[in-house]
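Student: Got a predicted structure plus its sequence, pasted below:
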Amino acid sequence: MVFACASCRNDSMGRHEKQSGPSKYSLGSLPKKLLCHIFSQLSVTALLQVQCVCKTWYNLINDPEFIKLHLEASSKCKRGLSLILSGEKVFSVDLPLLDKAVEIRHPLLCSEGFTNFVGSSNGLVCLNKDKDFALWNQWTGKYERVPPVNFQLLNASYAFHCIIHGFGYDHTSNDYKVVCILQQHSRLKGGRLQSEIQVYSLKAKSWRWINCFPFMLCSPCSGVLASGALHWVARQNPDLFSSSNLLIAFDLGTEKYRVLTQPSYVDTDFEMSLGVLGGSLCVLCHYPKESVDIWVMTGYGRQSWEKLASISQPNIAKHLEYVKPLAYSEDGTEVLLEQDNEKLLWYNLRKKTVRYVEIRGLPLLFEAVVCLASLAQIGKPTKKYDMMHEQPSKGSKSQWDKKERYECCAFQWSFSYCPSHTNAF
């Protein structure tokens, strides 16, 4: 089936109506709602090509409502997923192919040192190097730098300080936020802890100070985003050296923290870390040289937990010190895991077996995060063209109109549209 834009239909139909062959249909003649539905089934790569056909399609594809519709469709069917591997360089690996790692250029490439991957939300990626931050859409190539956060370091009596980051989308205000937590404390037993939180709003283009944070985060890792909140493993202040771990959530909407209920552990002698799998928060219990238990929160509001897997050593996996869940397989029978920042493996939930993934160009050390391809806008506002005359009268066509009609005729393509096949191009 051949589709063409409305502005070229009159010319093309006149030349072909007497010829035998497939029927001609015009996508541009379809109702906008139906056209949006068809376009929402396409990949981001295809849409970036389609928007070049004519001004009408360009405006439609860059409309915030369509971007939201496309994001919802992609999230529902898990289309356009990829792994971002950060380290000394940044690589991208297609999911579920997992065939090769492709180095990609990013806004902080000119800076020296390792690139820290703060987080990803709705296709936007937050990168950090030292004091530099950037929000970036790798598919559209657009980005926006975030001004440095201004923390006041206390006097030398505080022997240790660290800055911890987080990034996510606040659906209540339709805003993207970067969270920075400064923690300063003495290494001596009973030493004081001083914490400061600042939140950057992409809408407001500024940082603002939030109430004190009375917890010590157990590791300087980025916050895990799930259900509109950032999560960390923490300990209660002032008992900094307590072995009791807390699960802390910082709500991006209310910008307040709360303590979450943890799973019902049988053995509490483990090292705890957090992850996200299929949008659900995970707790990982690392029992040194024995096993790793993976718990998944099945109901965030109810804070109910289910043990997904227990990977024992050395029966199932050897030399396993740390794992992080990344994604389910297409049929849901396997879980993709990152092991010790060095390897990727599939764990079969039914057979309780592992198989390692061989990827060409995989770096020696990396941190992997799953990202969703989207048209999420960042940086300078997207230009919108005026469409005062959708069907210009004879003799009133501008040079752009002639160019547009030519490009539309040249951009006819053949494909069979089926909602179950999302990559039509």
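Tutor: Perfect, I can see it now. Numbers count the residues shown, from 1 in each chain.
Student: residues making contact with the helix of greatest length in the chain?
Tutor: Counting by DSSP state H, the longest helix found in the chain is helix 64-77. Surrounding helix 64-77, the residues in contact under the criterion Cβ atoms under 8 Å, 6 or more residues apart in numbering are 36, 39-41, 44, 47, 60, 79-80, 122-123, 372-377, 422. All C-beta spots, glycine's among them, are computed from the backbone N, C-alpha and C.
Student: go on, stretch 91-100?
Tutor: When contacts are taken as Cβ under 8 Å, 6+ apart, the neighbours of stretch 91-100 outside the stretch itself are 81-85, 101-104, 138, 327, 329-330, 336, 344, 357, 359-363, 366, 370.
Student: if we go to 6 Å?
Tutor: Contacts with stretch 91-100, where a contact means Cβ atoms under 6 Å, 6 or more residues apart in numbering, come from 81-85, 101-104, 330, 357, 359-361.
Student: Repeat that for stretch 270-286.
Tutor: Contacts with stretch 270-286, where a contact means Cβ under 6 Å, 6+ apart, come from 224, 226, 231, 233, 245, 263, 287, 292-297, 324-325, 328.
Student: same thing but at 7 Å, please
Tutor: With contact meaning Cβ atoms under 7 Å, 6 or more residues apart in numbering, stretch 270-286 is reached by 224-227, 231, 233, 245, 262-263, 265, 287, 292-297, 300, 322-325, 328, 335.
Student: Please apply the same query to stretch 201-215.
Tutor: 135, 149, 175-177, 181, 195, 197-200, 234-237, 246, 248, 255, 257.
Student: do that again at 8 Å, thanks
Tutor: Surrounding stretch 201-215, the residues in contact under the criterion Cβ under 8 Å, 6+ apart are 135, 144, 147, 149-150, 173-177, 180-181, 193, 195-200, 232, 234-237, 246, 248, 255-257, 378.
Student: care to break the protein down by domain?
Tutor: Here the chain is described, according to automatic domain parsing, as comprising the domains 2-62+382-388+397-414, 76-372.
Student: any idea which of those domains is most buried?
Tutor: Highest mean neighbour count among those (mean count of other Cβ atoms under 10 Å): domain 76-372, with a mean of 17.
Student: Looking at that one now, give me its mean pLDDT.
Tutor: Along domain 76-372, the predicted confidence averages to a pLDDT of 88.
Student: contacting residues around V125?
Tutor: By Cβ under 8 Å, 6+ apart, the residues touching V125 are 84, 117, 119, 135-138, 371.
Student: Not counting its neighbours along the chain, what's nearest S374?
Tutor: Computed as Cβ to Cβ, 6 or more residues apart in numbering, the closest residue to S374 that is not its neighbour in sequence is G123, at 2.8 Å.
Student: Please verify my assumption that the one you found contacts W139.
Tutor: Yes. G123 is in contact with W139 according to Cβ atoms under 8 Å; the separation is 6.8 Å.
Student: Please enumerate the shared neighbours of these two.
Tutor: The overlap between the contact sets of G123 and W139 (Cβ under 8 Å, 6+ apart) consists of 44, 373-375.
Student: quick one: which of these has the most company?
Tutor: Each of the shared contacts of G123 and W139 was scored by neighbour count (other Cβ atoms under 10 Å); the top score is that of L375, with 25 neighbours.
Student: Could I get the pLDDT score of it?
Tutor: At L375, the predicted lDDT confidence score is 94.
Student: coming back round to it: nearest to Y385 among the contacts of stretch 91-100?
Tutor: Within those, proximity to Y385 (Cβ to Cβ) peaks at I104, which comes in at 29.9 Å.
Student: OK, contacts around the closest one?
Tutor: With contact taken as Cβ under 8 Å, 6+ apart, I104 is in contact with 90-92, 138.
Student: make it 10 Å
Tutor: For I104, the contacting residues are 82, 84-85, 89-92, 136, 138, by Cβ atoms under 10 Å, 6 or more residues apart in numbering.
Student: And K324, by the same measure?
Tutor: When contacts are taken as Cβ under 10 Å, 6+ apart, K324 is in contact with 224, 273-277, 282, 284, 294, 336-341, 367-369.
Student: From the residues you listed, which land in strands?
Tutor: Counting by DSSP state E, the contacts of K324 place 224, 273-277, 282, 284, 294, 336-339, 367-369 in strands.
Student: follow-up on the earlier one: and the furthest pair within the contacts of stretch 91-100?
Tutor: Maximum pairwise distance among these (Cβ to Cβ): 26.4 Å, between E103 and E330.
Student: so how far is stretch 174-182 from its chain's centroid?
Tutor: Offset of stretch 174-182 from its chain centre (Cα atoms, centre = their mean, to the nearest Å): 15 Å.
Student: should've said stretch 205-212
Tutor: The gap between the average C-alpha position of stretch 205-212 and the chain average comes to 23 Å, counting by Cα atoms, centre = their mean.
Student: Kindly format the C-alpha coordinates of that stretch as PDB.
Tutor: What follows is stretch 205-212 as a C-alpha-only set of coordinates in PDB (Å, rounded to 0.1, in the frame of the first residue of the first chain):
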ATOM      1  CA  LYS A 205      16.100  26.800  35.200                       C
ATOM      2  CA  SER A 206      17.400  27.100  38.700                       C
ATOM      3  CA  TRP A 207      18.500  25.300  41.900                       C
ATOM      4  CA  ARG A 208      16.600  25.600  45.200                       C
ATOM      5  CA  TRP A 209      17.400  24.400  48.700                       C
ATOM      6  CA  ILE A 210      15.300  21.700  50.300                       C
ATOM      7  CA  ASN A 211      14.800  20.800  54.000                       C
ATOM      8  CA  CYS A 212      17.600  18.900  55.800                       C
END
